[in-house]
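Here you go, sequence then predicted model.
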Amino acid sequence: QVQMVESGGGFVQAGGSLRLSCFPSKPTFTSYAMAWFRQAPGKEREFVAAITWSGYTTDYSDFVKDRFTISRDNAKYTVLLQMDSLRPEDTAIYYCAARTSGWGRRESDYGYWGQGTQVTVSS
């Protein structure tokens, strides 16, 4: 079973930056869209950003638009999430997910998930 592997989480002060990265445990996908979701304490998991296989099309939730940037390097099977101007409300576990057809925001359409990486933003 292929899993996604996230890294790059940590502790940062408000206004700071972090970069998350993610890659599949086995590079077996021929093409796949990828996305980041997050889950804050006591809340449901929510969509953050998504990117198509080509990397030409991206989508962001309103609360991270203009602060976060999703990108990918297919040669390295890696997707990145650059997070700038972080706010305390960005504190959450961030999950990477992949899907082998289509793309979008719906969590249930993503079949491959990672264990998550913790991001904590202090005020």
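Yep, that arrived.

So which residue is dead centre in the protein?
Centrality entry for the chain: nearest residue to the mean C-alpha point is Trp36, 2.4 Å, by CA atoms, centre = their mean.

so where's the protein shaky on pLDDT?
For the chain, applying pLDDT under 70 flags the ranges 28-30.

tell me the strands in it, going along the chain?
With DSSP state E as the definition, the chain shows strands at residue ranges 4-7, 10-13, 18-24, 33-39, 46-51, 58-60, 68-73, 78-83, 92-99, 112-113, 117-122.

As a markdown table, those strands with distance to Arg105 would be great.
C-beta here means a position set from N, CA and C on the backbone, and glycine is covered the same way. Formatted as a markdown table, the entries for the strands of the chain read as follows, by distance: least, CB to CB, whole Å:
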| stretch | distance to Arg105 |
| --- | --- |
| strand 4-7 | 17 |
| strand 10-13 | 26 |
| strand 18-24 | 17 |
| strand 33-39 | 7 |
| strand 46-51 | 4 |
| strand 58-60 | 7 |
| strand 68-73 | 13 |
| strand 78-83 | 15 |
| strand 92-99 | 11 |
| strand 112-113 | 15 |
| strand 117-122 | 20 |
